Structures are given as C-alpha cells and as structure tokens.
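> this is the structure alone, sequence omitted:
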C-alpha cells in the first residue's frame, strides 16, 4: 500500500502527501532559514533570482538551485493538477504549498521521497523544502504553542482517576479497536443526532493536514497535527492547557495509560512518530517523561545509509507495555536504488522506562540477496507486509493482532495482505491468515520504473499486484451476542472477513463489499470500520460513497446507506454508538447514520471557521481520523490531503446537542 507518513501512507501521497514518515523539524548546524526570508514556491515569483545556481549568497546558499532540482526530481509528478501514479494522485504543486515546511523537509529526509533526494545534502534538503512550500522554517518557538492563543486555560486542575469520567483512549475507545462507544460513556443517543451543533472550533497554527485521532480523558482532548505539536485542550470549552513539540509528526492518536517509577506522575500520554521515535509525556502539563528511538538502518552497496522502518499509526497500550506498529520504507521505488529489504513489524516497549522488550517482523524469513539489476544494483527479498494500523489487544488470549500491507519487489511474502497474531509474551508469530496472494506493488518513478508488467530480473514485481492490503485498517476484536469472540478485518481489496481467534484464525465468513467492479489500488476500505457487537460498519471509497452494515453472525449485508458523497466516496474511519454510526468523506461532510441506514444528520466541515483560540481556521476533507464520541460531545479533525485530491485544513471541531 502506499502510505507515507505523514500522510503515512495508507493511500500514500506521492511526494509530500498526507502520509509520510517524518523527522525532526529542528535542523542541524546552520539551522532553518531566518524568519522573514521567504523563498517562493514551485514556479513562484523569483524562481531564478539571486542566490541560486552557484551565484552564492542569497537565501538558498551557494551552489544549489532548488528550482532546477524541483523540476528535475519532483515536477513530473507534482504538476498543477497532481499526477496519477498507480491510481494515486500525487499532491499538486499548490497542495504542497499549503503544508508546513518542516513536514516537507521530513518527507525528503526520511520519508517517501528520501530516495529521490538521496544525493542531496541535508542543508540543501531544507532549502528545497522551503522552496516547495514558499515559506521559511518556523523560527519562532512560541508560534506553534499556546502562548499566542487567545484561550489559554486560567487554571490546570489535577487529573484525578482516569476511570472517573468517560473517555476515548487512543485510536479506539477501547483496545479491541471496535471504535464503539457504549451509551454510558457516549451520553449521546441516536435521537440526539439531529440536534448536534458546533460548540467550538480550535485552529492549529502552522498546520496543513489533520490526520491525528483525538484522544479524550480527564475532561480533556489530546490531539496532534502535522506541525510537530501535541495539544491538550478542555473538552467542554476548548481552552488550551499546553502544547508539546515532539520535533517530528505522525499519523497517530496519543494513547493514555498508567506509568510508574516517576514520582507525582500516575499516567502518561504515549505516541510514536517518524522513524520509530516513541514518547511518554505527562498529560497534566505536557512535560516529557522519557523518549526512546528504535532505528533499523542498513547500508546499501553504494555506501549510503537508510532507514528500513517508519511509524505511521497509533501505538497500543496494555498492562504496562506499549505496542508499536512498524511499516516498511520501499513503497516508492527509483530504479537506480537498491531494493527490497524493508518490512513491517511490531515492537513491545516497557511503558515505564521506554526499554525495548522485543521486536518481531511480519515476515519471519530473513531478507536475502536474490540478484542484481542490469545496472548492477542489488536486489533483495522478501519485503513489505507493512503495518500501517494500530495493534489490537486480546487480553484474554494474551495476543496482539495486526493487519499487513502488500509485498515489495519480485519476491512475494506469504504474510503480506494478512491478519497476524503475535504472542504478547515474546512476540512469537502464532498464526496468520493471508487473504490475497501474490500482491506485490510499488509506485515507481523515472525511466525503467515499475509498470503493470515488468521483465523478470529487475527489482520490480514481475506482475504488479492490485495493492489490496489490510495495512491501514485496524483489526477489530468483538464479542457477539452469543458470547463468542470474532476477529473482523476489511481493507483496500473490498472484502470483509471474520476469523476465529480460538481456532488459529480459521475463516468464519467472507463478504464481498464491492458491487460492479473490483476496487483499484486506491482501495475500497481505507481507515477501517466500527462494530457495536451486532454489526460491523465499513465506509466505502467509491463514487458516491456508502456505508455498509454487515451482521457479525454470518457476514450478511444488512443495508448500504446512501450517503450521497461526491465521486471520491468515504475514506475516514467509522465510529459508532448504540443505534448510530459516524462516517466522513473526501467531501468534508461528517454524517450520522442510524440503525436503518438513514442519514439523520450531516455537517459540512470544508469551510472557514471562527476559532475559539484566535488562530485562522479552515476545514477540508475528512480522512484517517474518525469521530471521538465522549460525554455528550463529538470531536473530529478536518483537513486531509491523502492521495485522492483531498483538501487540507487545520481545525479540530467539537459538537454537542443544543
């Protein structure tokens, strides 16, 4: 699949899209461009001006021409409209200009465009990022925090007991990843939905894409954006408690859990960014407790070093451990580059100290060299099977479940496009169910790049796969009315399955979700569904969208809601409460669908907002993150570019019943 992160990729934005791994925005010696020196965006005014092309001086420094570099390495995909690559649309040049410069730099440095920029020194990568966005790096440390906001909270009361108030603790309300909120915590009914009204909008400074799921606890909302910041705001009023600068961003929900060994601190906010960087932050005041990094670098035959993994999803917390999903780094391929030995994996980390307990890969066999390309570049296999989703916890059986992505390169892994079960104790792979065999997919650039079919002997797949993975859609563990547990999964291939956790993942049922033709590489189910114990709900990325309800007992389709979305359909993760499901689409509309499949409420978020904190705010497309429903309120971030011509934005919206 193509996910980069920050746009991690689940659908993978090609250059600097909504999905890509990121690195520190605080650059090396030499630092960011000084405030006020604002280079033009791609093709912008002064593109051939003083200080470029080896003239020396100026804001770009000697010997580096960012306009020429952009034209040579980037412009063929990042056109005015955005080029279609393998059914994905690369962000247009205009879309890139809406992103924070720090985020573009991170994509060039260690994200999906690192291969394209592998011969550029770090200083010039920073220069190129500033050219692409037309903005300097943010030189004001207070600009992204709360000190310049108009709504700082007047006091910061103690947090108390996490169980004393309703919560939504990470990617899902609970660690089974059902994204279902019981009535007692939702304090919202299906009858209330038509009366939902916007309570407040919070503008995120310097943000261009909102792809972080809100976490709600202690009467506060914790959320992140692509400006490298994590925020804590009051759940009812939106006043700002604190902001923490992680130095890099990611597509994640901060996860709350207990911590010990740190006097005066009972809980921590855990999250991972970029190249497997893990953080524990005090939810009371936003101060760092610990941070840890788990690099997985390799040196290629040409002597260059690269990172094989990135993190582009939320971590999971259980019983004093953090489970971190890992994605491979070779979705995008340049023929001159070495390939393919990156693969997905799972880390178990001590939540109290940040110490690594175990590390497992999604492909049990070691990568081996399988040949050499005609140009002398080594070829490796097996590769891929990335985990772009939040691990699912099975406390009863002491297991962790993940979904995996497609393979990379000419050798296909048996565990790609699969659901995998790991032993919590030591990370041993217990079983896997592969739904689609032979699926190796890569988005490729330049002469000799990968296409629908390729000659044997190269690093490309001999036949390009459909890219039908489970990578971005978390597995759901749900208990049915009869007390039996079931594992539910659906993904880009447009097939929903149910597996038996007590029979090593035995297939219980399989349901085809598409009707007229199989989905393209863009996929049908992107960010996952929600289950209330009777049904599972999946939003569909297809013309006019749709929300399908399947009965857990046998996979029968109960209904297909006519949501009347635009041609791009629904991509956002589904959330539900008793009798009601919330779904969001590329059109920026959040919809509530009742138990009969009728849309009973909708709100267009792709507009400008007057924000509660005095920051200019604009909504856009809805994707990745879904609604969090807690204590009578509904929270959702708006603004997602992705790979389907989405509209960026920078607001967190809060709704309540009036």
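Nice, I can see it. It should be emphasised that the depicted structure is a prediction, and the values quoted were computed from it without experimental measurement.
> surely residue 633 meets residue 199?
Yes: using CB atoms under 8 Å, residue 633 makes contact with residue 199 at a distance of 6.9 Å. Placement of C-beta: from N, CA and C, glycine included.
> more neighbours, these two?
Between residue 633 and residue 199, residue 633 has the larger neighbour count (other CB atoms under 10 Å), namely 23 against 19.
> need the contact list for that one.
Counting by CB atoms under 8 Å, 6 or more residues apart in numbering, residue 633 makes contact with 188, 199, 235-236, 654-656.
> partner residues bridging it?
In this structure, residue 633 bridges to residue 630, residue 656 when assessed by DSSP bridges.
> how close does it get to residue 455?
57 Å (CB to CB, to the nearest Å).
> so residue 554 makes contact with residue 496?
No: checked against CB under 8 Å, the pair residue 554 and residue 496 is beyond contact range at 11.6 Å.
> looking at these two, which one has more neighbours?
Neighbour comparison, residue 554 and residue 496: the larger count goes to residue 496, with 24 against 10 (by other CB under 10 Å).
> surely the more buried one forms part of a helix?
No: using DSSP: H, G, I helix; E, B strand; the rest coil, the assignment for residue 496 is strand, not a helix.
> does it have beta-bridge partners, and which?
Assigned bridge partners for residue 496, using DSSP bridges, are residue 490, residue 511.
> from residue 421, how far out is it?
From residue 496 to residue 421 the distance is 18 Å (CB to CB).
> pull the number of nearby residues for residue 376.
Close neighbours of residue 376, defined as other CB under 10 Å, add up to 9.
> which SS class is it?
For residue 376, the assignment made with three-state DSSP gives coil.
> and residue 415, by the same measure?
Secondary structure, three-state DSSP: residue 415 is coil.
> roughly how far does it sit from residue 431?
From residue 415 across to residue 431, the span is 10 Å (CB to CB).
> chain center to the top helix by length along the chain, what's the gap?
Longest helix in the chain, counting residues (DSSP state H): helix 122-133. With CA atoms, centre = their mean, to the nearest Å as the basis, helix 122-133 stands 24 Å off its chain's centre.
> show me which residues of the helix or strand just after that helix are buried.
Remark: after helix 122-133, the chain's next helix or strand is helix 183-186, criterion DSSP states H and E. Within helix 183-186, the residues that qualify as buried are 185-186, counting by 16 or more other CB atoms under 10 Å.
> what is helix 183-186 packed up against?
In terms of contacts (3 or more CB pairs under 8 Å, 6 or more residues apart in numbering; DSSP states H and E), helix 183-186 is packed against strand 628-630.
> on contacts alone, who are the packing partners of the strand it packs on?
Helices and strands touching strand 628-630, by 3+ CB pairs under 8 Å, 6+ apart, are helix 183-186, strand 215-217, strand 575-577, strand 633-638.
> can you list those in TSV and add mean pLDDT and distance to residue 135?
Shown next, in TSV, are the helices and strands packed on strand 628-630 (pLDDT from 0 to 100; distance: least, CB to CB, whole Å):
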stretch	mean pLDDT	distance to residue 135
helix 183-186	98	41
strand 215-217	98	29
strand 575-577	98	34
strand 633-638	98	22
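> what's the pLDDT at the closest residue to residue 494 other than its chain neighbours?
Nearest non-adjacent residue to residue 494, counting by CB to CB, 6 or more residues apart in numbering: residue 524, 3.6 Å away. Listed pLDDT for residue 524 reads 96.
> more neighbours: which of residue 415 and residue 431?
Neighbours per residue (other CB under 10 Å) separate residue 415 from residue 431, with residue 415 holding more: 23 against 16.
> what about the more buried one, distance to residue 237?
From residue 415 across to residue 237, the span is 47 Å (CB to CB).
> checking the residue nearest the centre of the chain next. Helix, strand or coil?
Closest to where the C-alpha atoms of the chain average out (CA atoms, centre = their mean) is residue 251, at 3.6 Å. Following three-state DSSP, the label given to residue 251 is coil.
> hmm, residue 313 and it touching each other?
Yes: using CB under 8 Å, residue 251 makes contact with residue 313 at a distance of 6.4 Å.
> show the pLDDT at residue 204.
For residue 204, the model assigns a pLDDT of 97.
> tell me if I'm right that it and residue 615 touch.
Yes: if you go by CB under 8 Å, residue 204 and residue 615 touch, sitting 6.9 Å apart.
> which one of these two has more residues nearby?
residue 204 (28 against 20).
> can you pull the contacts of the more buried one?
210, 225, 227, 229, 231, 615, 617, 650-652.
> now residue 160, nearest residue through space, not along the chain?
Using CB to CB, 6+ apart, the nearest residue to residue 160 is residue 218, at 6.7 Å.
> same thing with residue 465?
Nearest residue to residue 465, sequence neighbours excluded (CB to CB, 6+ apart): residue 439, at 3.5 Å.
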